[in-house]
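Asks: quick one: sequence and predicted model below, then my questions.
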Amino acid sequence: MFDLVRDNKKIVQIFLALIALPFAFFGVDSYVRNAGGDDVAKIGDARVTQQQFQQALREQQERLRAQLGQMDPKMLDNPEARKAILDDLVDQRLLMLEASKRRMFASDDAVRRAIAGIEVFKVDGKFSSERYEAALRAQGMTPAMFEAQLRQDLTLQQLAGAVGQSGFVSKTVGERLIALQTEKREVVEHRLGLDAYLGKVKLAENAAKKFYEENGKQFETPEQARVEYVVLSMDAVASQLKVSEEEVKAWYERSKDRYRQPEERRASHILLANDKHGQEKAKARAEELLQQVKANPAAFPELAKKHSDDPGSASKGGDLGFFGRGMMVKPFEDSVFALKEGEISTVVESPFGFHIIRLTGIHAAKERPLAEVRGEIEEELKKTAAGRKFAEAAEAFSNTVYEQPDSLKPVAEKFHLTIKQSDWIGRAANPAAGPLGNEKVLAAVFAEDSVKNRRNTEAIEIGQNTLLAARVADYRPVARQPFDSVVASIETLLKRQEAQALARQEGEALLTKLRQGEDKLAWGAPKLVSRMDARLLPPQAASAVQRMDTGKLPAYTGVELPGNAYALIRLNRVEAGQKLDDAQQKAMLGQLGRIAMQEDVQAYLAALRARYKVEINQALLEAK
């Protein structure tokens with residue numbers, strides 16, 4: 001099953017896109033038994049605890065921050081986002097319960113293959129156990145923890161492959177949907193522009209003042225603060241660590257294989273493929289070519305271009321470039337590494353056919369000296385040590401900002417940190433503000449104790465292995481802008497609103513006349529639009545055009561364009577959808593198939609929810 005999923009990655013991606021959160025939040029047991037305490041959700045005998053839900057929120061924030069560079073934490077602090085994350089967690093539990101019931105699991109070999117294929121665990125293209133263990137230590141994980149979590153991921157991929165392959169759109173339905181997408185409608189517009197009505201607007205006396213008083217909050221400048229803060233991170237801890245010469249040398253001696261570049265060889269070949277010629281004919285033809293090569297070695301590139309069945313190298317005269325051991329099939333590799341530079345092999349048989357090989361270059365094995373790799377080793381040793389020391393440093397950091405609350409200087413001196421100063425910031429989260437854009441930080445900064453008593457905030461986690469403490473240096477309370485400073489903008493707003501209403505009123509009256517057969521308008525130039533391409537119309541108008549009844553033409557509709565008054569539209573004719581070329585047809589049918597897969601997955605999850613009893617603790621879900 002794992003091989004099936006591996007070979008159908010698009011299916012897995014579609015399925016897992018619906019299960020957005022990673023499965024590395026939980027131990028294996030948490031899928032099948034209660035972790036204790038009040039739960040946010042119950043799924044049969046499985047649970048989603050408050051701790052797991054909060055961890056999922058934090059992980060999703062980190063993922064979005066990594067993808068977007070900056071993000072507003074409020075993106076996830078709303079009922080819809082929190083429910084979506086909980087739904088993902090519930091779906092995970094349902095899938096794990098179903099996988100367990102079906103006795104689906106990832107084998108040890110599948111786990112090993114997956115780990116071996118992760119680039120971050122490789123050195124010089126090969127899996128390194130030292131790099132693997134160091135990377136996990138830096139994340140506070142053991143190999144057993146990581147492998148258990150990975151096994152869960154792979155198990156769900158098995159289930160993904162089984163469900164995702166069921167998505168199917170028939171050719172008839174697909175072609176009908178494509179016809180609707182490519183159908184074109186010719187329309188003309190008549191715009192009632194806002195400027196034509198502004199001159200007709202007469203505001204009531206004191207209208208601006210009344211609006212100002214009734215909508216006072218719109219004219220308030222929010223409270224602001226200037227903040228000083230310090231940040232403790234894993235990198236900051238690592239930068240203060242010292243690595244001795246003895247540690248560097250010991251690491252180098254233990255890891256010499258990592259800094260050894262193995263021998264590489266360059267070869268050219270001529271391949272006579274079995275599947276093209278048949279085994280006997282391929283071998284006989286290879287023997288004939290070998291005699292020609294021996295008689296005239298300089299002709300090897302031309303003979304490769306003319307006769308080799310390897311399309312990747314034939315155009316380059318058979319050249320395969322440099323490669324090391326383990327990169328070619330064994331019979332080919334054994335022959336290459338047995339040749340001397342310039343020598344030509346006998347006919348070599350491999351699973352692909354028969355080869356004539358010429359060795360054209362040798363890069364001898366070499367070892368990178370300690371002086372060259374010293375910096376890399378020091379950096380890695382510091383990171384590894386920092387992973388162990390950060391938890392201890394974080395506790396001391398938190399205690400110091402709490403025990404000495406009137407200044408950040410003690411904690412800065414203790415951990416050799418720089419006290420940074422902010423410009424004026426508001427309570428609203430702002431990704432552009434960097435670490436001070438974090439919602440938890442802002443809530444702490446604008447808390448009464450911080451503002452009134454100017455005490456340090458608590459140590460706040462703003463990212464993985466990153467803590468921040470802040471202190472208010474200056475503060476401005478909420479203040480309303482004077483009426484005289486905003487009266488002009490209020491009057492402009494009110495006039496535009498009134499003009500929009502006049503345009504809508506006249507547009508609706510004209511639409512009634514048009515539908516009664518009275519068409520005396522000056523229409524614009526015809527435009528052809530479709531569901532696939534409606535760029536010639538504003539979005540509101542494009543949507544209205546596709547909803548128009550085509551039973552009797554011409555047909556009319558009207559649509560309000562906020563800020564741009566009103567548009568009247570006449571539909572003149574409809575062109576049937578055109579047949580797409582093969583590539584476009586295939587791409588669109590593929591897209592429809594993916595939509596069908598998504599619908600199948602959603603239906604499957606809905607069926608699981610009906611099969612297993614799902615209970616949501618709404619009060620805990622909404623609690624912050």
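Replies: Thanks, I have the structure now. Residues are numbered from 1 along each chain as shown.
Asks: any chance you could map the strands in the stretch 51-200 of the chain?
Replies: For the stretch 51-200 of the chain, the strands defined by DSSP state E, counting those that start in this stretch occupy 122-123, 126-127, 184-192.
Asks: those: which one's closest to Ser350?
Replies: Proximity to Ser350, assessed across the strands of the stretch 51-200 of the chain by C-beta to C-beta, is greatest for strand 126-127 (22.8 Å). Any C-beta I mention is one placed from the backbone N, CA and C, and that applies to glycine too.
Asks: any idea of the mean pLDDT for the closest one?
Replies: For strand 126-127, the mean pLDDT works out to 82.
Asks: off-centre distance for it?
Replies: Strand 126-127 sits 26 Å away from the centroid of its parent chain (C-alpha atoms, centre = their mean, to the nearest Å).
Asks: partners of it in the sheet?
Replies: strand 122-123 (antiparallel) (DSSP bridges).
Asks: contacts for the strand it pairs with?
Replies: Ser128, Arg131, Arg258 (C-beta atoms under 8 Å, 6 or more residues apart in numbering).
Asks: recalculate using a threshold of 10 Å.
Replies: Ala116, Ser128, Ser129, Glu130, Arg131, Tyr132, Ser255, Asp257, Arg258, Tyr259 (C-beta atoms under 10 Å, 6 or more residues apart in numbering).
Asks: now for the residue lying closest to Ser530 once chain neighbours are set aside: which residues touch it?
Replies: Nearest-residue entry for Ser530: Lys184, 4.8 Å, with adjacent residues in sequence omitted and distances by C-beta to C-beta, 6 or more residues apart in numbering. Lys184 is in contact with 527-533, 573-578, counting by C-beta under 10 Å, 6+ apart.
Asks: so Phe415 touches Val237, yeah?
Replies: Yes. Contact criterion C-beta atoms under 10 Å: Phe415 and Val237 qualify, at 8.1 Å.
Asks: same list (the strands of the stretch 51-200 of the chain) but as CSV, adding distance to Ala385.
Replies: Listed next are these as CSV, based on distance: least, C-beta to C-beta, whole Å:
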stretch, distance to Ala385
strand 122-123, 20
strand 126-127, 24
strand 184-192, 67
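Asks: circling back to that earlier point, drop anything exposed from the contacts of Lys184.
Replies: Lys527, Val529, Ser530, Arg531, Gly577 (16 or more other C-beta atoms under 10 Å).
Asks: tell me which of these has the lowest pLDDT.
Replies: Ranking the buried ones among the contacts of Lys184 by pLDDT, Gly577 lands last with 74.
Asks: from what I can see that one touches Gln584, true?
Replies: No. With contacts counted by C-beta under 10 Å, Gly577 stays clear of Gln584, the gap being 12.0 Å.
Asks: common neighbours of the two, please.
Replies: Ile178, Thr182.
Asks: which secondary element of the chain has the worst mean pLDDT?
Replies: helix 2-6 (a mean of 30; mean pLDDT, DSSP states H and E).
Asks: on that earlier part again, who has more neighbours out of Phe415 and Val237?
Replies: Val237 (23 against 17; other C-beta atoms under 10 Å).
Asks: show me what contacts that one?
Replies: 382-383, 385-390, 392-394, 397, 415, 465.
Asks: which of those residues count as buried?
Replies: Lys382, Lys383, Ala385, Ala386, Gly387, Phe390, Ala393, Ala394, Phe397, Phe415, Asn465.
Asks: secondary structure element for the first one, which one?
Replies: Secondary structure here is read from DSSP states H and E; on that basis Lys382 sits in helix 370-403.
Asks: so what does that helix touch, helix or strand wise?
Replies: helix 129-138, strand 224-233, helix 234-239, helix 245-254, helix 409-415, strand 460-463, strand 466-476 (3 or more C-beta pairs under 10 Å, 6 or more residues apart in numbering; DSSP states H and E).
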